[in-house]
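**Student:** Provided below are the primary sequence and the corresponding predicted coordinates.
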Amino acid sequence: MQQGLIAVTKRSRIAAIAIALLLLSGIASAQLDEAAEQEGAKPWEGWRPPAVEMPEPNAFELYELAWALRQELDEQAGGGDDPGFGRADELTADELSALCGQYEPVFRTLEEAIAGEAQFPLFEDPAQQMPYFAQIREAARMFAARSLLRRGEGRPLEAALDAIACLHLGADAMTQGTLISGLVSIACQAIGQRQLEAVIPDLEAVGARAAMLALRRAQADTASFAEVLRGEETYVRMNAIPIFPQFAEAHELAERLRDDPDLARQVIPEAADLEGEALETEIEEGIAQLRAWDPANMWAEIGSYFGAILAEAEKPWW
């Protein structure tokens, strides 16, 4: 345990557990809530993530099917990361038409997913969600490429609907309920917006009205910033709980630093070359910080932090 703690604290006086939680939640040190001041309080032990209502059927399953089809076609095309959708404006009309035709099964499945009601799961492991977000961004690039193709073919309404499909993709991504899902949503919307802005001048009255109805539906399905923040709080708490036991190791280490200057020099970078009174001062500061780490305090601060930013997010101007 000593070697492990030394390894993670060499980079900073703040040990890895505190860094992880502070970066995760953006919280500075604050006063303990009354509930957290109770000796031995572990409020997280009775906490459960809010239940997420999954639609039946869940169009998320169609997204997974579409991505599996996409992977098969990618492999048939040579296994590249991008068969051409990301550089559609560099392709000839014939090349772009052939590319969209090749991936038609994926387009059909994605259209069925967009037409349904989707709820992305709240992944406990951050690494789990990244492939899904990458795939939905790639799906937006597919629709943007086909929008470009259809605009060139003189089919402005279909081009507009493909562009608006990117907004639907972004809205569905946000159901995952974290800030990163919000960023992915913005990326998908930006991809579609560029194509939509280009095709708007080509729309006649009937087509413009149909596009507006589709756009309203896409916007209506988008989660609010407050809803995303609520999901982010759940995500922060889920990822904080497994780290809390390591606070006890930090407290144990604090008890040893005063009696072991060599260990203190390894653990506290600022103390590495110090001697005498200067070393003692750095050790005392390090001990104070290690002893201040308290999971009950952090649990309470997560609640107060998100409570404050949610109060802002729920104001009308958001």
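**Tutor:** Everything's here; your move. Numbering: from 1, shown residues only.

**Student:** For the nearest residue to L203 once chain neighbours are set aside, list the residues it contacts.
**Tutor:** Taking C-beta to C-beta, 6 or more residues apart in numbering, and ignoring the residues beside it in sequence, L203 has P156 as its nearest neighbour in space, at 5.1 Å. Backbone N, C-alpha and C define where each C-beta goes, glycine included. Under the criterion of C-beta atoms under 8 Å, 6 or more residues apart in numbering, the contact list for P156 reads R150, V199, D202, L203, E204, G207.

**Student:** Would you mind giving me the confidence score for P156?
**Tutor:** We have a pLDDT of 96 for P156.

**Student:** Next, the buried residues of the helix or strand containing A68.
**Tutor:** In the assignment (DSSP states H and E), A68 maps to helix 60-76. Neighbour-count burial for helix 60-76, counted by 16 or more other C-beta atoms under 10 Å, picks out F60, L62, Y63, L65, A66, W67, L69, R70, D74.

**Student:** Now for the chain: which helix has the highest residue count?
**Tutor:** When every helix of the chain is counted residue by residue (DSSP state H), the longest turns out to be helix 126-152.

**Student:** If I take that one and helix 60-76, what angle do their directions form?
**Tutor:** On the basis of axes from the mean of the first three to the mean of the last three C-alpha atoms, to 10 degrees, helix 126-152 is oriented at 70 degrees to helix 60-76.

**Student:** What are the neighbouring residues in contact with the nearest residue to E227 once chain neighbours are set aside?
**Tutor:** Sequence neighbours aside, G177 is the residue nearest to E227 in space, at 7.3 Å (criterion: C-beta to C-beta, 6+ apart). Shown here is G177, whose contacts under the criterion C-beta under 8 Å, 6+ apart are V52, F120, L122, A223, E227, V228, R230, G231, E232, T234, Y235.

**Student:** how does it look with 10 Å?
**Tutor:** G177 makes contact with 50, 52, 119-122, 223, 227-235, according to C-beta atoms under 10 Å, 6 or more residues apart in numbering.

**Student:** Just the buried residues of those.
**Tutor:** A residue is treated as buried here by neighbour count (16+ other C-beta under 10 Å); on that basis the buried members of the contacts of G177 are 119-120, 122, 223, 227-235.

**Student:** Which one of these is nearest to S97?
**Tutor:** Of all the buried ones among the contacts of G177, the one with the least separation from S97 (C-beta to C-beta) is F120, at 32.0 Å.

**Student:** And that closest one, which helix or strand is it part of?
**Tutor:** Assigned by DSSP H and E, F120 falls outside every helix and strand.

**Student:** Was I right to think it contacts L169?
**Tutor:** No. The pair F120 and L169 fails to qualify as a contact (C-beta atoms under 10 Å) at a distance of 11.3 Å.

**Student:** Now list whatever residues contact both of those two.
**Tutor:** When C-beta under 10 Å, 6+ apart defines a contact, the residues bordering F120 and L169 alike are Y63, I136.

**Student:** tell me which element the residue lying closest to P50 once chain neighbours are set aside is part of?
**Tutor:** Once its chain neighbours are removed from consideration, P50 has its nearest residue in T234; the separation is 6.1 Å (C-beta to C-beta, 6+ apart). Assignment of secondary structure by DSSP H and E places T234 within helix 225-240.

**Student:** Check which residues of the helix or strand following that helix are buried.
**Tutor:** Remark: after helix 225-240, the chain's next helix or strand is helix 246-257, criterion DSSP H and E. Burial within helix 246-257, assessed by neighbour count using 16+ other C-beta under 10 Å, is assigned to Q246, F247, E249, A250, L253, A254, L257.

**Student:** Alright, calling it a day.
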